[in-house]
Every structure is written in C-alpha cells, then in structure tokens.
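Trainee: Predicted coordinates and the sequence they were generated for:
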Number of protein chains: 2
Amino acid sequence: MKSSSRRKFIAMAATLGTGAAVSAMPSAEPEKKQLVHHVFFWLKNPDSVQDRDKLVEGLRTLAQIPTIKKLHIGVLASTEKRDVVDTSWQVSELMFFDDLAGQATYQTHPAHLAFVEKYSHLWARVVVYDALGV
Amino acid sequence: MKSSSRRKFIAMAATLGTGAAVSAMPSAEPEKKQLVHHVFFWLKNPDSVQDRDKLVEGLRTLAQIPTIKKLHIGVLASTEKRDVVDTSWQVSELMFFDDLAGQATYQTHPAHLAFVEKYSHLWARVVVYDALGV
C-alpha cells in the first residue's frame, strides 16, 4: 500500500469506522508509474544449491537500501514447461522503486557495491529488465 | 498488502488507535513465497506507439482474473545504458500469484484466452520468467 493510500485509508477508518473502511479499500491496488527492476542470475555452478543459497543471502542484504520500496527474491519456479518460458536461470531479484532516481541511487549505494564485490564471483551471467509502470 | 496483514493492521488500529498503528505497520512488507510471473513482449512493429498502447489496453483486461494478486503493466524504462540491461523489448506484464495453482488457473482463464486471441497478432516474441519467492 502506498503511503498516500495509507493516509487515505487511515482517514477513512477514522471517519467511517474500521468495518466500513475494510470494504471500501481496494483489494489489489495498482501501483502505477513505479519502476520495476528485475534481475536474473545464471550461476557459474547452476546445480549448486549452496551457491544459490549464498546468492540469496547476499540479495537479502540489499533490503536495507531505502529507495527499494519492495524486494522479492526468487528462484526458478516449476510452472508448466512451454517454449516461451525461460527456465535457464537460477536466482532472481525483483525491486520496485518510486522513480528512476530511486533506481539510480540504488546502483551506487554502498550496500549494493558491497554486494557486487562479495557475491559476483557466484554468477556467470546477469540480465536486467527495467520496466516503467503505465 | 496481503489480506492477513490487513486484518492484523485492522486489529492493531482497533486496539491501539490509528496513530499508533501507522508507526507499527512495516513500510515494505516482504511477500514471501509468492509466485512472480513476468512476461516481456517484443512487438511486430516495435516503434508503433499505437500497437504498444493497444497491447497495454489488452493487458489491462487481465486484471479481472481473481488469482492475480497484483498486476503491473510496464514499458521499457529509460534507465542507464549498461550491457546487462535488455532494452530490446517494448511491453511487460508482471503478476503476483499466491501459488503455482493460481498461475495455472490464470493460464486457462477465459479472459486470458480472449486476450491471446485478440492481441497476439501484435507481438513477434514473448519471453516468460516464473520466479518463486524464497
């Protein structure tokens, strides 16, 4: 929930009572215009659970960076096999930023630089997608 | 915000008063174990703003599918140019599901099938990433 919506919700809760506010709050609020930064990692040792877990551990250290509004760390999901699904990667990092500036700040944040220095030996390849909400 | 957390928040608001609840609520709640389904589209006419907007319009129709917990529709963001950033696509669809079953339900939902039938002529290539939260 965005802070502006949270404020509205609080205001509603105060005005209407919490019961009324629950039904008035949208269940899946669109987060418009946010920047999605999605990174996929291919490990040097793709079958190493230890290396996968180590990279996940490293990615968790990024959560301290304040411009990251949401962080989702993932591993390859076992969905149906289809030609269009890329199943060749091992670990993913999905971040939401409020704007381009937030992403730029993240790139040069000391915690991000420390992560790259400490964990980049684990991966052979990285692909990044940056998507702006419409 | 997940419904379980919303319930907790409501309970907190009722117990502590809304002012206290605001500071107690985490600002960036991790959504663990959710399934992220991220699709990137390469248009047949990559420079056509009209085709891009038409595809975005089509993607918005997917929001009605109840197993989609969050939908983020995006276009290529103008972040810094780096070798690792794929800037060759035009439109993206990012969805959160509670589990694998939710994603499977989406695949065969009539609204999804209608979307593919009506809008697939617009794209030349699709790549899908399915990531399970850890």
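Mentor: Here it is on my side, so go on. Numbering: from 1, shown residues only, chains lettered A, B, ... in the order given.

Trainee: Next secondary structure after the lowest-mean-pLDDT helix or strand in chain A?
Mentor: In chain A, no helix or strand scores lower on mean pLDDT, DSSP states H and E than helix A:18-24, which sits at a mean of 37. Next helix or strand after helix A:18-24 toward the C-terminus (DSSP states H and E): strand A:35-43.

Trainee: Work out the gap between that following strand and the centre of the chain.
Mentor: Distance, stretch centre to chain centre, for strand A:35-43: 9 Å (C-alpha atoms, centre = their mean, to the nearest Å).

Trainee: Tell me if I'm right that A:K69 and A:L94 touch.
Mentor: No: counting by C-beta atoms under 8 Å, A:K69 stays clear of A:L94, with 11.4 Å between them. For every residue, glycine as well, the C-beta is placed using N, CA and C.

Trainee: Tell me which of the two has more neighbours.
Mentor: Neighbour count, other C-beta atoms under 10 Å in any protein chain shown: between A:K69 and A:L94, A:L94 has more, with 23 against 17.

Trainee: residues in contact with the spatially closest residue to the more buried one that is not a sequence neighbour?
Mentor: Among residues not flanking A:L94 along the chain, A:H72 sits closest, at 4.1 Å (C-beta to C-beta, 6 or more residues apart in numbering or on different chains). Taking C-beta atoms under 8 Å, 6 or more residues apart in numbering or on different chains as the criterion, A:H72 is in contact with A:92-95, B:30-31, B:34, B:36, B:131, B:133.

Trainee: Could you do A:L62 as well?
Mentor: For A:L62, the contacting residues are A:68, A:71, A:93, A:95, A:106, A:111-112, A:115, by C-beta under 8 Å, 6+ apart.

Trainee: Regarding chain A, what is its longest strand?
Mentor: Longest strand of chain A, by residue count under DSSP state E: strand A:123-133.

Trainee: I'd like to know which elements it is packed against.
Mentor: For strand A:123-133, the helices and strands in contact under the criterion 3 or more C-beta pairs under 8 Å, 6 or more residues apart in numbering or on different chains; DSSP states H and E are strand A:35-43, strand B:70-76, strand B:91-97.

Trainee: Report the buried residues of it.
Mentor: Buried residues in strand A:123-133, counted by 16 or more other C-beta atoms under 10 Å in any protein chain shown: A:123, A:126-133.

Trainee: what's that strand in contact with?
Mentor: By C-beta under 8 Å, 6+ apart, the residues outside strand A:123-133 that reach it are A:31-44, A:55, A:89, A:91, A:100, A:103, B:38, B:40, B:72-79, B:82, B:84-86, B:89, B:92, B:94.

Trainee: Stretch A:102-109 now?
Mentor: Contacts with stretch A:102-109, where a contact means C-beta under 8 Å, 6+ apart, come from A:35, A:37, A:62, A:65, A:67-69, A:95, A:97, A:112, A:130, B:77, B:79-80.

Trainee: what does stretch A:110-120 give?
Mentor: Stretch A:110-120 is contacted by residues A:54-55, A:58-59, A:61-62, A:64-65, A:106 when judged by C-beta under 8 Å, 6+ apart.

Trainee: swap the cut-off to 10 Å and go again
Mentor: For stretch A:110-120, the external contacting residues (C-beta atoms under 10 Å, 6 or more residues apart in numbering or on different chains) are A:41, A:51, A:54-66, A:68, A:93, A:105-107, A:109, A:126.

Trainee: Could you pull up the mean pLDDT of that stretch?
Mentor: Throughout stretch A:110-120, pLDDT has a mean value of 98.

Trainee: Can I get it as CSV, trimmed to CA atoms?
Mentor: Presented in CSV, the C-alpha positions along stretch A:110-120 are these (Å, rounded to 0.1, in the frame of the first residue of the first chain):
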residue,chain,number,x,y,z
PRO,A,110,27.4,1.2,-0.7
ALA,A,111,25.3,-1.8,0.2
HIS,A,112,24.8,-2.6,-3.5
LEU,A,113,28.5,-2.1,-4.3
ALA,A,114,29.4,-4.4,-1.3
PHE,A,115,27.0,-7.0,-2.6
VAL,A,116,28.6,-7.0,-6.1
GLU,A,117,32.1,-7.2,-4.6
LYS,A,118,31.3,-10.0,-2.3
TYR,A,119,28.9,-12.2,-4.4
SER,A,120,29.6,-11.5,-8.1
